[in-house]
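# quick one: sequence plus predicted model below, questions after.
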Amino acid sequence: MEFIEFKDCTKIYKNGVTGIANANLKISKGEFVFIIGHTASGKSTLIKLLYREEKPTRGSVCVGGIDVGKLRNNKVYKLRRKLGIVFQDFKLLPKLTVYENVAYPLESYGYKSSEIRPLVLRALEQVGLKDKTRSFPHQLSGGEQQRVCIARAIVNKPKLLICDEPTGNLDPETSKEIIDVINNINQELKTTVVMATHDKEIVNRMKKRVIVIKDGLIDKDIQKGCYKE
């Protein structure tokens, strides 16, 4: 069974705009998949459907056997506990240290302090920031802040890591470093990665599977190749 499956999935917003139309897509466990497309193409809609920020108007989205669209609002947290999400804007809490930012979701899930510490240190080590535990966000570079976000996203050992334009605010060299960190997580932890991006250079360097969204439709599905318009 596929880990992620969109089946005849359509999302129409209240203003009448179609975000995604009749999407059929399967992603296997452990895959690294890029979702690319121009602004307003529908790639962000597809990403939001995965973590139940949006619900399908028609059709279904299943993640790990869960029909996401049918989840009640008060049960969505159970889905998100199994996911890691990295956004373009870092969303770090400025008054908390690096350690505290990464520990925050575990605390909200009710983990004990004795359980939290090894998980946080492991996550920070995986992103190369184990020596920054006591630093605050304003003391870090943009790339380091995004690494903290990745650590926070993987601290609960998610089966799926969703990345929505994670390098959008970073320079090319730092972007490359961040993508390499995410690729290592995919390779070493066998975490499924779905990443929306507009950075074609990164996509073509990585040579992973590429899903091209155009005007709300899945236009191309390129298996481990380069993207050419």
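All right, it came through fine.

# okay, now Ser141: neighbour count?
By the other C-beta atoms under 10 Å criterion, the neighbourhood of Ser141 contains 10 residues. For every residue, glycine as well, the C-beta is placed using N, CA and C.

# any idea how far it is from Asp219?
Look at Ser141 and Asp219: by C-beta to C-beta, to the nearest Å, they are 36 Å apart.

# do the same with Asn24
Separation of Asn24 from Asp219 (C-beta to C-beta): 13 Å.

# equivalent analysis for Lys190, please.
Distance, Lys190 to Asp219, using C-beta to C-beta: 29 Å.

# so between these two, which is more surrounded?
Between Lys190 and Asp219, counting by other C-beta under 10 Å, Asp219 is the more crowded of the two (14 against 10).

# in terms of helices and strands, where is that one?
Following DSSP states H and E, one finds Asp219 within strand 217-222.

# who's in contact with that strand?
Applying C-beta atoms under 8 Å, 6 or more residues apart in numbering, the contact partners of strand 217-222 are 20-25, 37, 42, 209-213, 227.

# in it, what counts as buried?
Residues Ile218, Ile222 are the ones in strand 217-222 that count as buried (16 or more other C-beta atoms under 10 Å).

# next one: stretch 191-207
Buried, per 16+ other C-beta under 10 Å, within stretch 191-207: Thr191, Thr192, Val193, Val194, Met195, Ala196, Thr197, Asp199, Ile202, Val203, Met206.

# what's the end-to-end length of it?
17 Å (C-alpha to C-alpha, to the nearest Å).

# from the chain's centroid, how far away is it?
Relative to its chain's centre, stretch 191-207 lies at 11 Å (C-alpha atoms, centre = their mean, to the nearest Å).

# in this protein, which spans are helices?
Here the chain has its helices, by DSSP state H, at 43-50, 76-80, 98-108, 113-126, 142-154, 172-189, 200-206.

# tilt between the fifth one and helix 98-108?
Here helix 142-154 runs at 20 degrees with respect to helix 98-108, directions being taken by axes from the mean of the first three to the mean of the last three C-alpha atoms, to 10 degrees.

# put the alpha carbons of helix 142-154 into CSV.
Backbone C-alpha positions of helix 142-154 (Å, rounded to 0.1, in the frame of the first residue of the first chain) are rendered in CSV as follows:
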residue,chain,number,x,y,z
GLY,A,142,19.2,32.2,8.6
GLY,A,143,20.5,28.8,7.7
GLU,A,144,21.0,27.9,11.3
GLN,A,145,17.5,29.0,12.2
GLN,A,146,16.1,26.8,9.4
ARG,A,147,18.2,23.9,10.8
VAL,A,148,16.5,24.5,14.2
CYS,A,149,13.1,24.3,12.4
ILE,A,150,14.1,21.0,10.8
ALA,A,151,15.3,19.6,14.1
ARG,A,152,11.9,20.6,15.6
ALA,A,153,10.1,18.9,12.8
ILE,A,154,12.0,15.6,13.1
